[in-house]
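> Got a sequence here, can you model it:
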Amino acid sequence: MTGTHDTAIPPTDPSITLPELTERKQRGEKIVMVTAYDAPSARLADQADIDIVFVGDSAANNVLGYDGTTPISMDEMIMLARAARRTTKRAFFLVDMPLGSFQVSDEEAIHNAVRFVKEAGADGVKLEGGGPSIARARAIAAAGIPVMGHIGLTPQSATMLGGHRAQGRTAAKARQLFADAQALQSAGCFAIVLEAVPARVSERITQALRIPTIGIGAGPACDGQVLVWHDLLGINEGPLPRFVKQYAHLAEDVRRALETYAAEVRSGAFPTAEHAFRIPAEELRLFESELDAGVAAGDASGDWF
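A predicted model of the protein is given here:
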């Protein structure tokens, strides 16, 4: 893929806008955000009145089979985002900037953010990190593209953070998170994700900011919450982060359905007459008489047709 496309998905006019998100914080109304990586998932989230439909780089391990989030490319993200955008009508539509898409320079960050808006119809983008990422957030916001920040546990840089573990558990590190949050707000971010941050630290950050905070493993005081689609629906199995609550167990349901389907095919219980199409009796008689007369498919005479 070259990154140049003949067609783009124009953004819609979502019911959930940036002013609405800010007003919800002011009114004390919680914001609901969930990841979605394809058209059916985004449609269901949108119909369920989710406020922010988010195509996260977590698609790398949840959809594409990578070991983590870092391998996913811009072109893969755009492909997934275009699919999810097609069925997102009401929610604010947010797309993650993958590793390598914004770290090199402000110019590169703006270029890739513009791609998400023009090619995937994004309403805004999210990028990870404080420190150098603050300048990137400022540049993208100055270019007119809404930006959500992300601090605490940032999976793209988890190795530097000592692994996938909670952040801000010392006074010094909590102060740094607080400072990064303030800096991202000053840079023009419309909201900030707090991931794996102690609840009391998140509460103080949330109280200090004018913009909403979205928590994931950051306690109940955040202005909203986000979870990964495959985690909350029980599609992922095995050990999950302690902050995940599963609202369904779809992996069990899907496996059971597939096992039943396979058993019925093998036993002949499926399909039955109710699953079959019919041919009018007179057409069937004609068809069978031609076969009985020796007319073969593909006869050079063309009489078959």
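
> Quick one: the helices in the stretch 101-250 of the chain, in order.
106-120, 132-142, 171-186, 199-208, 229-232, 250-267 (DSSP state H, counting those that start in this stretch).

> who touches the residue located most distally from the centre of the chain in this structure?
Distance from the centre of the chain peaks at A293, with 59.2 Å (C-alpha atoms, centre = their mean). When the contact criterion is C-beta atoms under 8 Å, 6 or more residues apart in numbering, A293 has no partners at all. Backbone N, C-alpha and C define where each C-beta goes, glycine included.

> Next: A109.
M97, S101, F102, Q103, L127, R136, A139, I140.

> What distance do you get for the last one to A257?
Going back to what we said before, that points to I140. Using C-beta to C-beta, to the nearest Å, I140 is found at 43 Å from A257.

> Which residue of those two possesses the greater neighbour count?
Legend: neighbour count by other C-beta atoms under 10 Å for I140 and A257, higher for I140 (26 against 11).

> what bridges to the residue nearest to the spatial centre of the chain?
Nearest to the geometric centre of the chain sits V55, at 2.6 Å (C-alpha atoms, centre = their mean). Following DSSP bridges, V55 is listed with bridge partners V95.

> which residues does it contact?
T35, A36, Y37, M77, L80, A81, A84, F93, L94, V95, D96, A120.

> What confidence value was assigned to the nearest residue to the last one once chain neighbours are set aside?
Distances taken as C-beta to C-beta, 6 or more residues apart in numbering put A81 closest to A120, at 3.7 Å, once the chain neighbours are dropped. A81 is assigned a predicted lDDT (pLDDT) of 98.

> circling back to that earlier point, want to throw the contacts of V55 into TSV with neighbour count?
Shown next, in TSV, are those (neighbours: other C-beta atoms under 10 Å):
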residue	neighbour count
T35	27
A36	29
Y37	24
M77	25
L80	26
A81	29
A84	28
F93	28
L94	27
V95	29
D96	28
A120	25
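
> would you turn the helices of the stretch 101-250 of the chain into TSV with mean pLDDT?
Output for the helices of the stretch 101-250 of the chain, formatted as TSV (pLDDT from 0 to 100):
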stretch	mean pLDDT
helix 106-120	98
helix 132-142	97
helix 171-186	98
helix 199-208	98
helix 229-232	97
helix 250-267	98
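
> nearest to D223, of those helices?
helix 199-208 (6.1 Å; C-beta to C-beta).

> residues of that closest one that come out buried?
V201, S202, E203, I205, T206 (16 or more other C-beta atoms under 10 Å).

> Just the closest of those to A251, please.
Of all these, A251 sits closest to S202, with 30.2 Å by C-beta to C-beta.

> do you know how far the closest one is from I151?
10 Å.

> hey, what's in contact with both of those two?
Residues touching both S202 and I151 by C-beta under 8 Å, 6+ apart: L194.

> Burial check on R27, number of neighbours?
Using other C-beta under 10 Å: R27 sits among 8 other residues.

> Start at 459, not 1
Sounds good: first residue 459 from here, last item R485.

> wait, which of the contacts of V513 is closest to E722?
The closest of the contacts of V513, once distances to E722 are taken by C-beta to C-beta, is Y495, at 30.3 Å.

> hang on, that closest one is in a helix, isn't it?
No. Counting by DSSP: H, G, I helix; E, B strand; the rest coil, Y495 is located in no helix; its state is coil.

> does it really touch L538, like I thought?
Yes. At 5.0 Å, Y495 and L538 qualify as touching, with contact defined as C-beta atoms under 8 Å.

> Next, show the common contact partners of the two.
By C-beta under 8 Å, 6+ apart, Y495 and L538 have these common neighbours: V513, A517, V521.

> Redo those residues as CSV? Include distance to E740.
Supplementary listing: the shared contacts of Y495 and L538 in CSV, determined by distance: C-beta to C-beta, whole Å:
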residue, distance to E740
V513, 54
A517, 53
V521, 50
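
> now the chain, which segments are flagged as low pLDDT?
459-472, 615-622, 754-763 (pLDDT under 70).

> Now do the strands in it.
Counting by DSSP state E, residue ranges of the strands within the chain are 489-493, 510-513, 550-554, 582-584, 605-610, 649-653, 671-674, 682-685.

> Now do the fifth one against strand 550-554, angle only.
Meaning strand 605-610. If you take axes from the mean of the first three to the mean of the last three C-alpha atoms, to 10 degrees, strand 605-610 sits at 60 degrees to strand 550-554.
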